[in-house]
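[1] fold the following.
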Amino acid sequence: MQRKAVYPGSFDPFTNGHLDIVRRSLQVVDRVVVAILKNTSKQSMFSPEQRKEVIEEVFANEPRVEVKVFSGLLVEFCRQNEVSIIIRGLRAVSDFDYEHAIFLMNRSLKPGLETMFLMSDTEHSFISSSIIREVASLGGEIEKHVPQIVARKLRDRFQNQDK
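    Next up is the predicted model:
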């Protein structure tokens, strides 16, 4: 039986920290579903469909990764997709309290659902999507913190805003 995990998030935009978590997850599980949360109450830079397209391009040569968009409860997504493991990245110890509470709630909603926490690699521990958006909006260098396709999309977005 294949071990299938879900790595949920907004991924707006997808960073090298996210990429690292997916790659390392594949050392432990057979398949990873990158699940993009469609959050209508949050102002996003890229639509969920645009994020899906970009992440699919990042993993074009990795058949063990699939990308899906979802809304609603993560535990329902897990039920529908026969996923029994949630992957969560932790950048710092301060992330743990919040993530632990979510783990407990998910476990109460779907007994047997496991959560696997992976600490960010040191080189990615300070990177967040919001920091990347901010730096990109101000013309700063983001290329070493995001996949090339993401850097290109961000540059295009901000260059077109200036016109």
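
[2] residue ranges with poor pLDDT in the protein?
    161-163 (pLDDT under 70).

[3] so where do the helices sit in it?
    For the chain, applying DSSP state H gives helices covering 16-25, 48-58, 74-80, 94-109, 129-137, 148-161.

[4] can you list those helices in a markdown table and add mean neighbour count?
    (C-beta placed from N, C-alpha, C; glycine too.) Below are the helices of the chain laid out as a markdown table (neighbours: other CB atoms under 10 Å):
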| stretch | mean neighbour count |
| --- | --- |
| helix 16-25 | 20 |
| helix 48-58 | 18 |
| helix 74-80 | 17 |
| helix 94-109 | 13 |
| helix 129-137 | 17 |
| helix 148-161 | 15 |
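
[5] put together CSV for those, with distance to K68 on each row.
    As requested, the helices of the chain are arranged in CSV below (distance: least, CB to CB, whole Å):
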stretch, distance to K68
helix 16-25, 14
helix 48-58, 7
helix 74-80, 8
helix 94-109, 18
helix 129-137, 19
helix 148-161, 19
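
[6] once you drop chain neighbours, what's closest to K4?
    Nearest residue to K4, sequence neighbours excluded (CB to CB, 6 or more residues apart in numbering): R31, at 4.5 Å.

[7] quick one: that neighbour from R133, how far?
    Per CB to CB, to the nearest Å, R31 is found 29 Å from R133.

[8] now S120
    18 Å.

[9] could you do R24 as well?
    Taking CB to CB, one finds R24 at 24 Å from R133.

[10] sweet, I'm off.
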